[in-house]
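Visitor: Sequence first, then the predicted structure, then my questions.
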Amino acid sequence: MQERTEAEHITWINRYVSRKRTTREEFTELLKQVFETSDLREWIIQKFIGKFFSGTPHQFLVKMQRPGRWTLLGYAYEHHHFLKQWVKSCSMIIANTDFEEIHHYEIDNIISEWHGERGRFLAHHELLLKMGESYGATREDIYNTEPLEPTVHAVETWDHICRNFSFVEGMAAMHSLELIANRKMKDYGASIGYFDPVILGDGSVTKETADFLKEGYEADVSHSEVALDLITKYAKKLNLVQEVQAVFFRSIEEFDNYLNARIERGVMVENKQH
């Protein structure tokens, strides 16, 4: 593959294996080191931190420390399309297994992310729409605005994985992404959190934004970590550890591009180009 200089493959090798040309034997050993682990849960967390929370964190996370109007509007427009896929992905994961604890986990996730519970709490999607409205967007515009190409590609990839792969690979593709808002990431070695918690109460963002961020801040610890335990359990049980690792790598690449689309959408909204 190196001889063919296939771009996506070479990029992955440069990022995760080595930037130097190696012998077949050296490459085999380096690749083995990337995937070797006695703890899949910890492996996922550390690879996720390396991708998004390293010494040079993802630019969207940098912007989210003290987010402005345009960053949050870009978030609202693109994340609507992410969450539309999310509920479909959870449903396909349910359809791909007979394990009841997976059904229960995904149903709870669908309720909290998409449906809510009347009289008790609003869905995460509803809170997202309210955040967008608090900065001048309309629901109609959010619904009718076509997602940017990186979001489209990411959504199509997640749909394909959850529709055609095993339920545990689908869970790895989707639920590992919830680590992004896990407030314990700094305890695991992240350089920064998803946002500076000070903004939840200092008036620098709208109340609706604080409500939206707070809900994810509180929920995604349990969401992501319960999921990681389930992924680890069933990947071992079904002998799918390496398959889960490979899908995870693909998913975080798509997520990286999708986070960039949030930034791009914010710039477009600011310049009245969306």
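Guide: Here it is on my side, so go on. Numbers count the residues shown, from 1 in each chain.
Visitor: What are the boundaries of the helices in the protein?
Guide: Applying DSSP state H to the chain gives helices spanning 7-16, 24-35, 40-52, 59-64, 69-95, 100-110, 124-134, 139-144, 149-164, 167-175, 207-237, 241-270.
Visitor: Roughly how far does residue 180 sit from residue 56?
Guide: Note on residue 180: its distance to residue 56, by C-beta to C-beta, to the nearest Å, is 16 Å. Heads up, the C-betas are built off the backbone N, CA and C, glycines and all.
Visitor: cool, residue 126 as well?
Guide: Residue 126 sits 34 Å away from residue 56, going by C-beta to C-beta.
Visitor: Pick out whichever of those two has more residues nearby.
Guide: The residue with more neighbours, out of residue 126 and residue 56, is residue 126; 17 against 8, by other C-beta atoms under 10 Å.
Visitor: Correct me if wrong: that one contacts residue 116.
Guide: Yes. Contact criterion C-beta atoms under 8 Å: residue 126 and residue 116 qualify, at 6.0 Å.
Visitor: for the helices of the chain, which one sits closest to residue 192?
Guide: Closest to residue 192 of the helices of the chain, according to C-beta to C-beta: helix 59-64, at 6.1 Å.
Visitor: how about the closest one: buried residues?
Guide: Of the residues in helix 59-64, 60-61, 63-64 count as buried by neighbour count, 16 or more other C-beta atoms under 10 Å.
Visitor: List of residues touching that helix?
Guide: When contacts are defined by C-beta atoms under 8 Å, 6 or more residues apart in numbering, helix 59-64 is touched by residues 52-53, 71, 180, 192, 194-195, 259-260, 262-263.
Visitor: how about the CA coordinates for that helix, as PDB?
Guide: What follows is helix 59-64 as a C-alpha-only set of coordinates in PDB (Å, rounded to 0.1, in the frame of the first residue of the first chain):
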ATOM      1  CA  GLN A  59      -9.500  23.500  17.200                       C
ATOM      2  CA  PHE A  60     -13.200  23.100  18.000                       C
ATOM      3  CA  LEU A  61     -12.300  22.200  21.600                       C
ATOM      4  CA  VAL A  62     -10.100  25.300  21.800                       C
ATOM      5  CA  LYS A  63     -13.000  27.400  20.600                       C
ATOM      6  CA  MET A  64     -15.300  25.800  23.100                       C
END
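Visitor: burial of residue 19, as a residue count?
Guide: Residue 19 has 8 neighbouring residues, counting by other C-beta under 10 Å.
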